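1. this is a predicted model, with the sequence first.
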Amino acid sequence: MPYTWLVLLSICFIGHMTDSQLVYKFNKVECQVNQARVKNVSCNVKPINWNTALVNMDCYLISPIINPTGRLFRNVRVQVFMKDYSNQYKPFLIDASFKLCEVVEMKNFLPYGVMVWELFHRFTNAKSCHISGQLSAKNGYLNTSYVPQFPHGQYQISVMFSDSNSTNREFVGIVKFFVQAMDQIKSKKRP
């Protein structure tokens, strides 16, 4: 008898998993920058439908981000936080630091670095690791093919940029993406 319940429960769970599709929807984006390095910053989210929202960002780099020479310093840090039952964001699985130029030049194959670079390359005008001048991101979104599947809930994905050399490290900016992992909402309209 217990095996029967286990089989029925498994069939219901698998049926639920195949029936719904996971989507990541942007709710909000925040940009915090070092005013001495970056100016004219704008970050916004443009809702398209119940399942999709696009991120648009724009800024001007006063001084370029240079390839760091120090071996101990990392210039990009990605952290993921999940909102818990007390409405606070707690660390969730991912806290990775890497040098962007090593990922671009294929010297480092850290999975999170590759994901960040693929998203940058696809949605921004940054085509190399030496970033200078006007930097913009247009119509950015997260697809389940870009990032691993997270459990349903509210997440904050924090991407921090710094510029460093062999002796010091300087904060450039941090972008916080607020994302909801949810089942795709299907339209009830007939085609």
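-> Arrived safely.
2. CA only for contacts and neighbour counts going forward, please
-> OK.
3. could you list every residue that touches L119?
-> L119 makes contacts with Y146, as judged by C-alpha atoms under 8 Å, 6 or more residues apart in numbering.
4. the same query, at a cut-off of 10 Å, please.
-> With contact set as C-alpha atoms under 10 Å, 6 or more residues apart in numbering, L119 has these partners: G113, A137, G140, Y141, L142, Y146, V147.
5. for the chain, which segments are assigned as helices?
-> Applying DSSP state H to the chain gives helices spanning 2-19, 100-104, 111-123.
6. state the mean pLDDT of the first one.
-> Looking at helix 2-19 alone, the average pLDDT works out to 48.
7. can you give me the neighbour number for the nearest residue to P64 once chain neighbours are set aside?
-> Spatially, and ignoring its direct neighbours in sequence, P64 is nearest to S132 (4.3 Å; C-alpha to C-alpha, 6 or more residues apart in numbering). By the criterion of other C-alpha atoms under 10 Å, S132 has 14 neighbours.
8. for stretch 159-174, buried residues please.
-> Across stretch 159-174, burial judged by 16 or more other C-alpha atoms under 10 Å covers V159, M160, F161, S162, D163, S164, N165, V172, G173, I174.
9. go on, stretch 133-142?
-> Residues of stretch 133-142 classed as buried by neighbour count (16+ other C-alpha under 10 Å): S136, A137, G140, Y141, L142.
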